[in-house]
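>>> This is a predicted model, with the sequence first.
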Amino acid sequence: MAEYNRVSECVGLITLRNPPVNALSAAVRQGIVDTVQRALSDPNVKSVVICGQNGIFCGGADIKEFRSNMTGPPLIPMIHAIESANKPVVAAIEGSALGGGLELALGCHYRIAHSKARLGLPEVSLGLLPAAGGSQRLPRLIGVPAALNLITTGRHVTAAEALQLGIVDQVTDHNTVAAAVKFALSVAGRSLDPRRISTHPCPQQPDLDALFEEVMQKVRQSARGAIAPIACVQAVRAAATLPYAQGMERERELMATLFTSGQARALQYCFFAERAVGRWRMPSGARWDTSKPRPVHKAAVIGLGTMGRGITVALAQTGLSVIAVETQEKQLMEAKQAISGMLERGAKGRGVAPALDGVIYSQNIQAVADVDLVIEAVFEDIALKTKVFQQLSAVCKPGTLLCTNTSALDVDQLASETPNPELVVGMHFFAPAHVMKLLEVVYGPRSSPQAVATAMQLGKKMGKASVAVGNCRGFVGNRMLKPYIEEAFFLLEEGATPELVDQALEEFGFPMGVFRMSDLSGLDVGWRVRKGDGLVEPGTASGRSARIRQGRRYSPLGDLLCEEGRFGQKTGRGWYQYDKPGSRVARFDPWLHSFLGAYRAQHGLVARRIDHQEVLERCLYALINEGFHILDDGIAAGPEDIDVIYVSGYGWPRHRGGPMFYANMVGLAKVLERLEHYQQLHPEVPHLQPSSLLRRLVASGSPPIHKWGEAIKKLHSQL
Ligand SMILES: CC(C)(COP(=O)(O)OP(=O)(O)OC[C@H]1O[C@@H](n2cnc3c(N)ncnc32)[C@H](O)[C@@H]1OP(=O)(O)O)[C@@H](O)C(=O)NCCC(=O)NCCSC(=O)/C=C/CCCCCCCCCCCCC(=O)O
């Protein structure tokens, strides 16, 4: 709703009231329509101020309403009525003015912002465009290039930048509403014609066609199949080339296409999923709202390799004091230099001072005695990690949380080696740890809710998408990756090429296909794991039996490449060839193709034609199937957890919502049918055997994704 008051005798003050972000729900829109009419019809009112309650102007249209039949007054005529008013209307912007909130402000004649306010048109990140006139008014106000930048990226600008761009007229450090009321009084009676943005053309821009061509090309490249950024460019082009009314019609047409697209649904699902994962719960019943985190003022990182360095930077950037420990002097000095460089570069980008003094370097583990939390990031070796945990248990003050950054080892096993297993959790960062958004917080059966709450809160402080998951081999992300990679290997055996598989996955929207990714991260990583699992048998055994190991189909292709010293980019050879070791541009490698031919001949395999559809179905449905196993096992509490992990850490295209959302969109029955089809063709591949949860969900009528939680609970109670 919107509240109306008369202040300073002749200013009508309209306050949007819809906690927490004053989203423009039907009730708020109705409130605005009614109060604006009241202010305009009151002869004692000379000007109007619109503000939002609780220090936030408006977070935009109510995204939840997009899922239902929308009722209430539409935004466009409401904003138009404000712009056409014969009394000045001033927006008093505190906190955020985003999306429809900024579009409302652009309909006002003046805008005053608090210095800490943020403004933006982030609709593109929800698969939409600013369709309440924003795509037409913003370019008229600030020019086409700046508007294109804001609308196609959805980035939020500070009040200072908004002032510089001309989005706001004044910035204040004081009470924004008081400043806006004073301003409104000062402009009462002035002509409003120059202030009605829609009545002006866009500022002149030389070489408009070339500009749009260049921007469109850039946007297409970075969009990876997302359609909203392209529609945003088209809408701004309409603003630049058409009269306002026709531009608005184009805006409406483009929005109609986006609004009903699966991409908008997927992106809006991601918005809510990212918030939902903060409301974590454990199988024990412990939950986010009943578990109090411990305060963390001082932290330590043990082991300053690539991961440890990134983690140190991520911690120091939150303002924590960090003890960084590396036992070898030379490595410590190298790490210090690298960490300082990363902190300096990060601070430069954010326009702040680098937190160099926040990090203390030590060779001695005793230095961590008084820290509140330790993150161990030593080499992935259970004996070494166990030793470190035992040392930490002896050195640290009582109650210090002991976290491991392992990506593959058993968090429970490590916990059991300490006197206080309830203080142990996994904090699985992704490289580079100061850049990558994802953090898996891994709890074991004995991890205390407080330990989980503390790690989750610390992750949030570091700006990570933190997801609490149970302990199992590979946790959630890597466990699901295994069948995906194995299917890609099998496809090569059957006739595909790395180029074909990668192209199919990249066209789907992954930034890199599985083989380019493998070359980047290093083929030796998986080789080491497979050796540890006893799967690698060096030699030239041939035939089907050589490709059945531990009772299931196995492809030794990756092992054979490693035996040739082809570890990927770092050696200049892998699934592709590179100009030199460390180069990044993957090139077709004739050697690899004749190697594949010889391999198939040796194993009696006849290459067949494989299309993109099969690549996607085999790789993605195998990964999704593992996701259903994970849900069934209670390792992830809900599909949102899996989807946030995949979108934030594994390059799953956001406009496809994450693997579980994608399965929901494709249809569970279809996913099941295709898995059954491939399982019949490849009975020796267990990961193609449909999960019992998937079967049960299909049997119970394939409920929509937001009902899976309920359905899983019900299905488990029937077991
Ligand atoms: C920065 C924030 C605002 C605040 O951040 P923070 O303080 O960290 O808080 P959060 O945890 O993020 O959020 C708190 C809770 O609030 C919920 N929330 C936030 N924003 C919204 C919102 N806009 N709507 C609903 N709910 C919201 C959030 O989910 C949290 O609750 P919970 O934890 O999940 O329970 C930050 O929140 C933020 O960035 N918000 C989003 C801002 C944003 O993206 N705004 C743009 C929204 S889209 C928009 O405005 C579009 C405008 C144009 C609409 C045009 C008309 C549409 C209908 C046209 C139909 C076309 C069909 C045509 C047919 C035809 O013509 O034929």
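The structure has been received and is ready for your questions.
>>> Now the residue of the stretch 501-650 of the chain found nearest the ligand: closest residue in space, sequence neighbours ignored.
The ligand sits closest to residue 640 of the stretch 501-650 of the chain, with a gap of 10.8 Å, by Cβ to the nearest ligand atom. Every residue, glycine included, has its C-beta placed from N, CA and C. Ranked by Cβ to Cβ, 6 or more residues apart in numbering and with sequence neighbours excluded, the top spatial neighbour of residue 640 is residue 273, at 3.8 Å.
>>> before we move on, what about residue 665?
Nearest one to residue 665, counting by Cβ to Cβ, 6+ apart, is residue 262 at 5.7 Å.
>>> Spatially central residue in this structure, please.
The centroid of the chain falls nearest to residue 648 when counting by Cα atoms, centre = their mean (3.9 Å).
>>> Give me the distance between the residue of the stretch 501-650 of the chain closest to the ligand and residue 132.
Noted for residue 640: a distance of 29 Å to residue 132, by Cβ to Cβ, to the nearest Å.
>>> Who has more neighbours out of these two?
residue 132 (30 against 26; other Cβ atoms under 10 Å).
>>> Now do the phi/psi pair for the residue of the stretch 301-450 of the chain found nearest the ligand.
Residue nearest to the ligand within the stretch 301-450 of the chain (Cβ to the nearest ligand atom): residue 437, separated by 15.0 Å. Phi and psi for residue 437, reported as degrees, to the nearest 10, are phi -70, psi -30.
>>> Quickly find the element holding the residue of the stretch 501-650 of the chain closest to the ligand.
According to DSSP states H and E, residue 640 maps onto helix 639-649.
>>> Grab the nearest non-local neighbour of residue 226.
residue 655 (4.2 Å).
>>> wait, residue 565
With Cβ to Cβ, 6+ apart, the residue lying closest to residue 565 is residue 571, at 6.0 Å.
>>> do you know how far that neighbour is from residue 522?
Taking Cβ to Cβ, one finds residue 571 at 9 Å from residue 522.
>>> same deal with residue 121?
Residue 121 is 41 Å from residue 522, by Cβ to Cβ.
>>> who has more neighbours, these two?
Legend: neighbour count by other Cβ under 10 Å for residue 121 and residue 522, higher for residue 121 (32 against 17).
>>> Enumerate every residue touching the nearest residue in space to that one that is not next to it in sequence.
Closest residue to residue 121 apart from its sequence neighbours, by Cβ to Cβ, 6+ apart: residue 130 at 4.3 Å. Going by Cβ atoms under 8 Å, 6 or more residues apart in numbering, residue 130 touches 99, 100, 102, 103, 121, 123, 138, 151, 232, 235.
>>> try 6 Å this time
The neighbours of residue 130, taking Cβ atoms under 6 Å, 6 or more residues apart in numbering as the test, are 103, 121, 123.
>>> Can you report phi and psi for it?
Per degrees, to the nearest 10, the backbone of residue 130 is at phi -70, psi 90.
>>> From residue 52, how far out is it?
18 Å.
>>> Then residue 664?
From residue 664 to residue 52 the distance is 35 Å (Cβ to Cβ).
>>> So if I had to pick from the two, which one is more boxed in?
Under the criterion of other Cβ under 10 Å, the comparison of residue 664 against residue 52 puts residue 52 first, with 29 against 25.
>>> Isn't the more buried one up against residue 22?
Yes: taking Cβ atoms under 6 Å as the definition, residue 52 is a contact partner of residue 22 at 4.1 Å.
>>> what's the helix or strand for residue 441?
Using DSSP H and E, the element containing residue 441 is strand 438-443.
>>> Show me what that strand is packed against.
strand 424-429, helix 449-461, strand 465-470 (3 or more Cβ pairs under 6 Å, 6 or more residues apart in numbering; DSSP states H and E).
>>> change it to 10 Å
strand 401-404, helix 411-416, strand 424-429, helix 449-461, strand 465-470, helix 477-494, helix 639-649 (3 or more Cβ pairs under 10 Å, 6 or more residues apart in numbering; DSSP states H and E).
>>> can you tell me how far the residue lying closest to residue 689 once chain neighbours are set aside sits from the ligand?
Ranked by Cβ to Cβ, 6+ apart and with sequence neighbours excluded, the top spatial neighbour of residue 689 is residue 679, at 5.5 Å. To the ligand, residue 679 is 38 Å away according to Cβ to the nearest ligand atom, to the nearest Å.
>>> who touches residue 679 in this structure?
Contacts here follow Cβ atoms under 10 Å, 6 or more residues apart in numbering; on that basis residue 679 touches 625, 685, 686, 687, 688, 689, 690.
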